[in-house]
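**Q** here's a sequence, model it:
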Amino acid sequence: MRILFGKNALISGLIALAVVGSIALGCNCNKSFDLSNIAKDTEKSRDTPIDTEKPSNDVPSDSVVEGLVKDSVAQFAEAIQSEDFDDLRSNASSDFQSTYSADEMRTAFKSYIGKKSLVVPILRKVKDADADFTSAPSLRSEKGLKILVATGKFPTKPYAVRFDFEYVMRGGEWKLLKLVVNIPLLSAGGRVNISFAKRSTMNIIDLYKSNSSSPSLIFALGILLIVGLGCGSGTPPPSGYVGVWQGDDGSTITIRADGGGDYKSGSTTITGGGVAVDETAKTLKITMASLGPSFTIDKAPVGDKMTLSGVVYKKTGGGGSDTSTSDVKPVIPSDEKLQTLVKSTFFDFGDAVQSGDFGDFHKKTAKVWRDSSTEDEMLTAFQDFVDDKENYNFKKAIASLDATLTPAPTIEKVSGVDALIVKGHYPTKPQQANFELKYTMDDGTWKLIGIKIKTTSN
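**A** Residues are numbered from 1 along each chain as shown. This is a model prediction of the structure:
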């Protein structure tokens, strides 16, 4: 029975999710296009035919390779900024072009486009930086073609831009074959990967070489839903600032006693960030991965009112009533209740995948999650599961199984929130379904704030 695992035997999947944050790319900004195995398409090349290519065995100089990489990064930055991938695609190899349309590229990097105010300035700094190659640029041979390999990073600020590019000689020029750009914002949550055995039109995308004649697809579902909780808290703020504040502009600020905080304004959301209040400098900052909004304290809190950067905020809550923030840890449920809790989560998620509707799943998650993401965003993040739902029938796969919970469940502080961490696996076939689930106490019940599912060979 193929449940959860696609059509190939060697497939693994990992889902890590919590809330969409304005600094969500802080967890690991990683998108890629890689057409390394191009043998099956070479006869369709629109460039000079393979048998007339005369690739040199000499590796270009570091300065030439650096120029190629910088040019590719610059084109990528402009594609993200303009939301138009036509130029980037037209300058890539015909092998690349024959596989991806500009619209597919735009869809794949939709989440980058959504965060372009953060991504593009970093990418544009590459032109003034010197490349630090992980290893010297080199040539590898595949199906009679010479492929130029360049990996390394640019020490841009505040975060380095890591690259893994490949080029193929076409028409006497090096043409882009593989594009991997990684901006690791190190202080945020987890990496998110989903692997399938079929092509996706969502956030790709590596074609890694396999031992067979056809490549296998590994898709990276990047920054739509990230484990935002767990990014740490700041210095405890003055007590008058602690609470949930509603601004007259519609924004919401939550400041917790341990220095953690949340912020939501329109499409900008930070959940599980750190709050820094400097009454001397009259500034208040809510940040994740060192990025986030900064406010001028026009009027410090008096009673239930304060003014930040011209916006009047009124306190509507105590800053922790919706989550477990007391010094007394909640009790870990019994094994029987844990089994029910975990299976219910799998069932709810499975129902959402099968129906293509995440409305009910969204309603059952913790408020901290519901306030920070919509059901449509969840659907978008898991569209690949929905598209291949016959192979991801979670309910059918685990209905008769008990989970093995190991290591023992624990209660841990996650950005000031008491979180129940439950890890283990279901002995599904042909691959085992491993999971890590995170819950917080919300309205007297355990509700989901994070889920990871990874399949491995038994």
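**Q** so where do the strands sit in the stretch 301-450 of the chain?
**A** For the stretch 301-450 of the chain, the strands defined by DSSP state E, counting those that start in this stretch cover 305-308, 311-317, 404-405, 410-414, 417-426, 431-442, 445-457.
**Q** for Asp71, find the nearest of those strands.
**A** Each of the strands of the stretch 301-450 of the chain was checked against Asp71 via Cβ to Cβ, and the shortest separation belongs to strand 445-457, namely 37.1 Å. For glycine as for every other residue, the C-beta is placed from the backbone atoms N, C-alpha and C.
**Q** for that closest one, what is the average pLDDT?
**A** Strand 445-457 comes out with an average pLDDT of 81.
**Q** distance of the closest residue to Val386 other than its chain neighbours from Ala397?
**A** Distances taken as Cβ to Cβ, 6 or more residues apart in numbering place Gly356 nearest to Val386, at 4.7 Å, with adjacent residues excluded. Per Cβ to Cβ, to the nearest Å, Gly356 is found 18 Å from Ala397.
**Q** give me the number of residues near the nearest residue to Thr283 once chain neighbours are set aside?
**A** For Thr283, ignoring the flanking residues on the chain, the nearest one in space by Cβ to Cβ, 6+ apart is Ser294 at 6.0 Å. Around Ser294 there are 12 other residues, counting by other Cβ atoms under 10 Å.
**Q** let me see the contact set for Ser294.
**A** Thr283, Leu284, Lys285 (Cβ atoms under 8 Å, 6 or more residues apart in numbering).
**Q** tell me the bridge partners for Leu420.
**A** Listed by DSSP bridges, the beta-bridge partners for Leu420 are Ile411, Tyr439.
**Q** so that it lines up with my notes, have the first residue be 436 from now on.
**A** With 436 as the first residue, the last one maps to Leu855.
**Q** assess the claim that it and Ile846 are in contact.
**A** Yes. With the criterion set as Cβ atoms under 8 Å, Leu855 and Ile846 qualify as a contacting pair; they are 5.9 Å apart.
**Q** neighbour count: these two, which is higher?
**A** Neighbours were counted for Leu855 and for Ile846 using other Cβ under 10 Å; Leu855 has more, 25 against 16.
**Q** ok, now which ones touch that one?
**A** Residues in contact with Leu855, defined by Cβ under 8 Å, 6+ apart, are Pro765, Ile767, Pro768, Pro844, Thr845, Ile846, Lys873, Tyr874, Thr875, Met876, Trp881.
**Q** related to what we said a few turns ago, show me the contacts of Ser729 that map onto strands.
**A** Helix and strand membership here follows DSSP state E; of the contacts of Ser729, those in strands are Thr718, Leu719, Lys720.
**Q** what pairs with the last one across the strands?
**A** With DSSP bridges as the criterion, Lys720 is bridged to Ala711, Ser729.
**Q** what about the chain, any weak spots by pLDDT?
**A** By pLDDT under 70, the weakly predicted segments of the chain are 436-492, 619-669, 701-703, 723-726, 752-764, 850-851, 893.
**Q** Ile705 should be in a strand, yeah?
**A** Yes. Using DSSP: H, G, I helix; E, B strand; the rest coil, the secondary structure at Ile705 is a strand.
**Q** overlap in contacts, Leu855 and Ile846.
**A** Counting by Cβ under 8 Å, 6+ apart, the contacts common to Leu855 and Ile846 are Pro765, Ile767.
**Q** okay, now the domains of the chain?
**A** For the chain, automatic domain parsing gives the domain ranges 464-619, 674-752, 770-892.
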